[in-house]
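Peer 1: from the sequence below, what's the structure:
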Amino acid sequence: MHNLTNTAPTGMDKKDWIAGLEKGLAMLQTFDEHNPRLTATQAAQRCGLTRTAARRYLLTLAHLGFVTTDGKLFWLTPKVMRLGQSYLESARLPRIVQPSLQRLAMGTQEISFVAVLDGYDLVYIARNGQNRSMNTSFALGARVPGYVTSAGVLLMAMQGPEAVDAWLASCQLQTFTSHTITDPERMRAEMVQIRAQDWAMSEQQLDLAYRGVAVPLRDHKGHVVAALSVSMPIQYETSSEAVARVLPVLREVAQSLRHLI
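Peer 2: Below is the predicted model:
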């Protein structure tokens, strides 16, 4: 759900703030896996608008081709995917990392990713390679809770203890498998360790029988801009064997990219 206001956010001049644009984008984001089709009343409740206002935004979006309707229910059209595709085609980082991702995939024989955080979600912006038996590999633009992936916990940990505390105070850790870490104190301890070692491993947090290993991707100034990771089935080797096999390759590829970002 999206709580909307008519006031400009802190740090932005109110004359530069277009509240209608915020509301239109929020209307698009109100549709999700659990709410694929909504009435104007339901959309209004999720966005904090009146039914009349929500209906006007929905009808405008329908005219623009981003939603469609049967007269009662509204739902998104494939045209919405153009927004994400525009990012993937125009953003500099996915283009820069792609050749190195191919090298990483060949060096580890695993599927490789570059991902960034959007809030507390992880978004995959580049990938390469075919995993031996992975059935749940993520497509470009896929979004998953950050704390159940190696790249996600790495990036969240790198934000520092205060950011981690704020996240744990505001979010409830959902269970995805019997191995998912849902205890805040254990999660906090994991992130302390990740910051100290400068890499992360996640095992069976989102999907059973799979692990991921990630390292930070830093720019030429040393700032963490993304995570570089590989994902693999766990039945072929122990955790320590997997780390010994892929971590040096991950670190080498991340270092080779540093001067390019």
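Peer 1: residues contacting the nearest residue to D183 once chain neighbours are set aside?
Peer 2: Closest residue to D183 apart from its sequence neighbours, by C-beta to C-beta, 6 or more residues apart in numbering: L173 at 7.6 Å. For glycine as for every other residue, the C-beta is placed from the backbone atoms N, C-alpha and C. With contact set as C-beta atoms under 8 Å, 6 or more residues apart in numbering, L173 has these partners: Y147, T180, I181, T182, D183, P184, M187.
Peer 1: what helices or strands is the strand or helix carrying R46 leaning on?
Peer 2: According to DSSP states H and E, R46 maps onto helix 40-47. Helix 40-47 sits against helix 19-29, helix 51-64, with contacts defined as 3 or more C-beta pairs under 8 Å, 6 or more residues apart in numbering; DSSP states H and E.
Peer 1: what about 6 Å?
Peer 2: helix 51-64 (3 or more C-beta pairs under 6 Å, 6 or more residues apart in numbering; DSSP states H and E).
Peer 1: what's the angle from the helix it packs on to helix 19-29?
Peer 2: Using axes from the mean of the first three to the mean of the last three C-alpha atoms, to 10 degrees, the direction of helix 51-64 lies 80 degrees away from that of helix 19-29.
Peer 1: mind checking what helix or strand follows helix 51-64 in sequence?
Peer 2: Following helix 51-64 in sequence order, the next helix or strand is strand 67-69 (DSSP H and E).
Peer 1: what element comes up after that following strand heading to the C-terminus?
Peer 2: strand 73-76.
Peer 1: widest-spaced pair of the contacts of L173?
Peer 2: Using C-beta to C-beta, those reach their maximum pairwise distance at T180 and P184, which is 12.9 Å.
Peer 1: please name the nearest non-neighbouring residue to E203.
Peer 2: That would be R211: by C-beta to C-beta, 6+ apart, it lies 4.3 Å from E203.
Peer 1: over to T108?
Peer 2: Going by C-beta to C-beta, 6+ apart, T108 has V246 as its nearest residue, at 4.7 Å.
Peer 1: any idea how far that neighbour is from D32?
Peer 2: 33 Å (C-beta to C-beta, to the nearest Å).
Peer 1: between the two, which one's more packed in?
Peer 2: V246 (26 against 11; other C-beta atoms under 10 Å).
Peer 1: sec struct for that one, please.
Peer 2: Secondary structure for V246, judged by DSSP: H, G, I helix; E, B strand; the rest coil, is helix.
Peer 1: any idea how far it is from T60?
Peer 2: 48 Å.
Peer 1: and stretch 248-259, how far out from the chain's middle?
Peer 2: 22 Å (C-alpha atoms, centre = their mean, to the nearest Å).
Peer 1: if we look at that stretch, which residues are touching it?
Peer 2: Outside stretch 248-259, the residues within contact range by C-beta atoms under 6 Å, 6 or more residues apart in numbering are S100, L104, G107, T108, V215, L217, R218, H220, L228.
Peer 1: cutoff 8 Å now
Peer 2: 96-97, 100-101, 103-104, 107-108, 199, 213-220, 228-230.
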